[in-house]
Structure formats: C-alpha cells, structure tokens
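[1] Predicted model follows, preceded by the sequence.
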Amino acid sequence: MSAGFTGYDVGMAVTDDAILRIKEMIVSGELHPGDRLPPEKELGERLGVSRSSLREAVKALEVIRVLDVRRGDGTYVTSLEPRLLLEAMNFVVDLHTDTSVLEIFAVRRILEPAATGLAATHLTAEQLAGLETLMDAAHADDPIEALVEHDLAFHLAIVEGTGNEYLSRLVEAMQSGTHRARVWRGLTQHHAAQRTIAEHRAILDALQLRDAELASALTLAHIAGIEHWLRTASEQAAR
C-alpha cells in the first residue's frame, strides 16, 4: 500500500526488531504470562528503540493477543499459556518468510497495472461514482481492519470495471493470500494508512480522467511499493 520504495523505512525494521526482542524476553523466561512490562521509557532503553517504535510494536502485539494493554494500569503479557503465546509470536516470522505472499504480489504487479489501464476506458459513470464513495469512506485514523477492507474493495472494484469476469475472480482469489501482509503493514509501517489513501486517490483521479497510461503507472508504483516492503522484511527475517 505504498508507492515509495522508501516506504519500508527504518521504522518498519525497528518495530519488527522490538517485537522480536519482546519475544526473546518471553522465550527466555524474563517475562511470563501475566507479567507487567517495564515502564515504556525503561523498556525502550533496554531494547534500544524509540518510544514511537515501541508503541507500534506493542500495538501490533496487542492485536495478535500477545500483550494486553490496560488503560491507566499498564501493559501485560497475556495469560495465554506459553505454547500459545509463542504460536502467536511465530506469526511475525511466518509472515516475513512465506515466499508465496511475495509470489502473489509479483503476479499482482504484472496483472493489476494492465487491468487498471483497461478499466480507465471501460469503467461506467456509476462504477466511478462507487469508487468515489469508497474513497470518501476511508480515513487514515480508521481501524486497520477497516482500512484493509477498503484496500481490498478498491482494487477489486477497479478490476471489475474491466468487464472481464475471469480477471476479476483471479484477483479476488489472490486477495485472501495477501490479507495478513496488508494488516501487518498497516500496524507496523509508519503512515501506511495515509500513503494508501493518497495513492488510491491518485489512481482514482487518473481513472476519472480516462488516462489509461497514468492509471497503470500509478498502480504499478503502488503495488511495487508493497512488494518492496515485504521483500525487505523477508530478507531481514532471513538474516
């Protein structure tokens, strides 16, 4: 969901590093189920990460139920038994080492720019209005799951605008394989939501102008940016 290849950013690497360091504290027994995490400043210094990166890591770990953030009280390791905690933590490693996700994005990078260019000349006024409605409903401060659903719906609506049902079903089938990567990116990459919405707006503007070449180029940059983020994350996980 990002055009710029700088989209992976140091922030993503640092956030993932903080997540894996917290995992090490759980694996080593330094933190047990039910334990309260040290204060933010102390934990950030111990892990060597900024407060903002630590907050992103905690937010991501809260989503996969490794941490329990109790407002006004503190952050605790959940009461899940250790085996279940580690299974949840392995989600992070699995995501970054699953080559099938990269292969899906490589296919998307080939198919969707061409499909978007085709849609530019085939979308009806009603379909363009539907895309505009989708854009109006998306906000950067929406929950991550809601933003991911917007992302999925936006891309599928464009492909459906080609009038090629087989192509639409193919893209729809690929979406389930990238859902987890989209959620994780939204949780851990700084300003991912703002980038996604801005890039979708640019693509829609090009479609409304019926500019097939521009719409195709913007879609290529958009998808390639996500692929680059995921490939960089996978290489770091491998190292």
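    That came through fine.

[2] in the chain, which spans are strands?
    For the chain, strands defined by DSSP state E occupy the ranges 67-70, 74-77.

[3] Can you give me the buried ones in the first one?
    The neighbour-count criterion (16 or more other CB atoms under 10 Å) identifies 67, 68 as the buried residues of strand 67-70. C-betas here are computed from N, CA, C, even on glycine.

[4] Show me what that strand is packed against.
    Strand 67-70 sits against helix 51-63, strand 74-77, with contacts defined as 3 or more CB pairs under 8 Å, 6 or more residues apart in numbering; DSSP states H and E.

[5] re the thing from before, any chance of the strands of the chain in JSON lines, with distance to residue 201 and mean pLDDT too?
    Formatted as JSON lines, the strands of the chain follow (distance: least, CB to CB, whole Å; pLDDT from 0 to 100):
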{"stretch": "strand 67-70", "distance to residue 201": "32", "mean pLDDT": "87"}
{"stretch": "strand 74-77", "distance to residue 201": "36", "mean pLDDT": "89"}
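
[6] I'd like to know which of the ones you listed is closest to residue 151.
    The stretch from the strands of the chain with the least distance to residue 151 (CB to CB) is strand 67-70; that distance is 25.5 Å.

[7] Could you export that closest one as CSV, keeping only the C-alpha atoms?
    C-alpha atoms of strand 67-70 as CSV (Å, rounded to 0.1, in the frame of the first residue of the first chain):
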residue,chain,number,x,y,z
LEU,A,67,0.1,-8.3,25.0
ASP,A,68,-2.9,-6.9,27.0
VAL,A,69,-2.9,-3.1,27.2
ARG,A,70,-4.9,-2.0,30.3
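
[8] can you tell me the average pLDDT over the lengthiest helix in the chain?
    Counting by DSSP state H, the longest helix found in the chain is helix 212-238. Across helix 212-238, pLDDT averages out at 85.

[9] one step back: where among the helices and strands packed on strand 67-70 is the average confidence lowest?
    Among those, helix 51-63 scores lowest, with a mean of 80.

[10] What residues of that helix count as buried?
    If you call a residue buried by 16+ other CB under 10 Å, then helix 51-63 has these buried ones: 53, 54, 55, 56, 57, 58, 60, 61, 63.

[11] For the third one, give its distance to residue 206.
    Distance of residue 55 to residue 206, computed by CB to CB, to the nearest Å: 36 Å.

[12] Would you enumerate the residues in contact with residue 51?
    The neighbours of residue 51, taking CB atoms under 8 Å, 6 or more residues apart in numbering as the test, are 40, 41, 44.

[13] same thing with residue 41?
    Contacts of residue 41 by CB under 8 Å, 6+ apart are residue 51.

[14] Tell me, what's the model's pLDDT at it?
    Per-residue pLDDT puts residue 41 at 88.

[15] again, but for residue 14
    Residue 14 is given a pLDDT of 60.

[16] for residue 128, same thing?
    97.

[17] To what extent is the nearest residue to it once chain neighbours are set aside buried, counted in neighbours?
    The spatially closest residue to residue 128, leaving aside those adjacent along the chain, is residue 208, at 6.0 Å (CB to CB, 6 or more residues apart in numbering). By other CB atoms under 10 Å, 15 other residues sit near residue 208.

[18] Please convert the helices and strands packed on strand 67-70 to TSV, extending it with distance to residue 105.
    Shown next, in TSV, are the helices and strands packed on strand 67-70 (distance: least, CB to CB, whole Å):
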stretch	distance to residue 105
helix 51-63	20
strand 74-77	33
